[in-house]
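A.B. asks: Sequence and predicted structure below; questions after.
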Amino acid sequence: MNGRPANSASKEREASVLNGWVMLIVNLALLIGAVACAILIIVHTVRTDNPLNLWWLVAAILMEVLAVILLYGHFTLQPNEARVLILFGAYKGTAGVSGFWWANPFYSRIRAKIPVYPTAVTVQKASHGGSVTSVVHMTRSTKISLRAQNFNSDKLKVNDKRGNPVEIAAVVVWRVQDTAKAAFDVDNYESYVHIQSEAAIRHIASLYAYDRGEEHELTLRESADEVGAALNNELQERLDKAGVVIEEARLTHLAYAPEIAQAMLRRQQAEAVIAARQKIVHGAVSMVDMALRELAEKEVVKLDDERKASMVSNLLVVLCGEGEATPVINTGTLYS
């Protein structure tokens with residue numbers, strides 16, 4: 001079968017366009033000139049009574065029609081905007097310089113002659129209390145914005161590396177880099193970006209644990225920069241087919257799913273209590289050791305092993321206890 005394969009990638013190329021102001025002068029001159037010629041031919045025909053001059057009138061009319069057709073070749077481009085030029089279905093190039101330009105008037109103004117599906121559906125409340133649904137058929141213009149755009153995903157419920165259900169969302173900053181790929185290699189590049197972004201977010205979330213990773217293991221909560229870089233690379237690989245470049249991708253929401261949030265909160269609270277207790281015990285042991293060394297160095301009192309053990313026990317109770325310690329005054333001897 002002739003022709004290139006349907007799955008081959010398109011490649012953007014620069015189109016040749018003319019200055020719109022110069023062509024506007026030419027087109028207006030042609031338009032006014034055709035009208036003037038038609039008037040002169042009619043006047044000359046009436047004066048000379050020669051019907052053969054009417055053939056020149058036909059030529060003037062054709063010139064007038066040509067001038068009107070050429071006026072449709074004008075178009076404008078704003079900064080960071082491009083237009084793909086399509087002539088009877090064939091891609092002829094992309095105009096990407098802002099300004100007022102002129103090109104072949106038969107270049108298509110849309111990239112599809114049928115409405116684009118799915119259509120946009122708008123639901124509005126009616127005055128009688130019901131709702132009115134309006135369907136808007138969207139068409140794809142040949143103009144493509146090259147500006148940076150934001151896509152803020154919905155909160156997605158996915159399972160992390162350990163199978164825990166989590167809610168995750170991300171913001172993706174993207175822009176079109178190759179207009180030919182965006183226009184012809186995917187059906188709708190904006191919808192393609194949205195769907196592939198959600199798929200990439202789900203995939204990245206399944207590669208990392210929410211928290212409490214093994215030693216040197218990256219987690220979603222504690223390694224935001226690394227996870228963002230991985231998401232960026234994943235998105236770029238997926239969206240390269242659409243000619244889209246990813247400027248930035250970062251997580252904007254991360255939490256356990258509601259059904260396990262309370263259990264995970266209790267676990268985190270328990271971990272915090274254990275961590276705090278570890279610090280308290282470590283500090284208390286250090287203080288007891290310092291007290292014993294100070295007593296021994298300064299020879300304040302000589303204690304045998306049994307009394308040292310009793311003193312260590314009492315100091316740990318005082319230092320690690322939740323409430324304030326109540327002292328017991330010993331009025332006898334140390335060994336009574």
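C.D. replies: Yes, it's here.
A.B. asks: Going by C-alpha atoms from here, please, whenever you check contacts or count neighbours.
C.D. replies: Fine.
A.B. asks: quick one, phi psi at residue 218?
C.D. replies: phi -80, psi 140 (degrees, to the nearest 10).
A.B. asks: give me every residue that touches it.
C.D. replies: 208, 209, 226 (Cα atoms under 8 Å, 6 or more residues apart in numbering).
A.B. asks: Of those residues, which is the most crowded?
C.D. replies: In terms of neighbours by other Cα atoms under 10 Å, these top out with residue 209 at 22 neighbours.
A.B. asks: Run through the bridge partners of it.
C.D. replies: residue 219 (DSSP bridges).
A.B. asks: Quick check: it vs residue 149, distance?
C.D. replies: Going from residue 209 to residue 149 by Cα to Cα, to the nearest Å gives 30 Å.
A.B. asks: before we move on, the earlier item: redo the contacts of residue 218 as CSV? Include pLDDT.
C.D. replies: Below are the contacts of residue 218 laid out as CSV (pLDDT from 0 to 100):
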residue, pLDDT
208, 84
209, 83
226, 88
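A.B. asks: count of neighbours near the residue lying closest to residue 222 once chain neighbours are set aside?
C.D. replies: Setting aside the residues directly before and after it, residue 222 is nearest to residue 211 in space (Cα to Cα, 6 or more residues apart in numbering), at 7.0 Å. By other Cα under 10 Å, 16 other residues sit near residue 211.
A.B. asks: Residue 186 too?
C.D. replies: The burial count for residue 186: 17, using other Cα under 10 Å.
A.B. asks: how would you label it: helix, strand or coil?
C.D. replies: Under DSSP: H, G, I helix; E, B strand; the rest coil, residue 186 falls in the coil class.
A.B. asks: Looks like it contacts residue 180 (just checking).
C.D. replies: No - using Cα atoms under 8 Å, residue 186 is not in contact with residue 180; the gap is 9.8 Å.
A.B. asks: At which residues are the strands of the stretch 1-150 of the chain located?
C.D. replies: Along the stretch 1-150 of the chain, the stretches classed as strands by DSSP state E, counting those that start in this stretch are 18-19, 74-77, 81-87, 90-95, 99-102, 116-125, 131-138, 143-145, 149-152.
A.B. asks: Now the second one - C-alpha only, PDB.
C.D. replies: Coordinates of each C-alpha in strand 74-77 appear next as PDB, following Å, rounded to 0.1, in the frame of the first residue of the first chain:
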ATOM      1  CA  HIS A  74      -4.600  37.200   5.600                       C
ATOM      2  CA  PHE A  75      -4.100  36.000   9.200                       C
ATOM      3  CA  THR A  76      -2.500  37.300  12.400                       C
ATOM      4  CA  LEU A  77      -0.300  35.600  14.900                       C
END
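A.B. asks: Can you give me the buried ones in it?
C.D. replies: Buried residues in strand 74-77, counted by 16 or more other Cα atoms under 10 Å: 74, 77.
A.B. asks: again, but for the third one
C.D. replies: Within strand 81-87, the residues that qualify as buried by neighbour count (16+ other Cα under 10 Å) are 81, 82, 83, 84, 85, 86.
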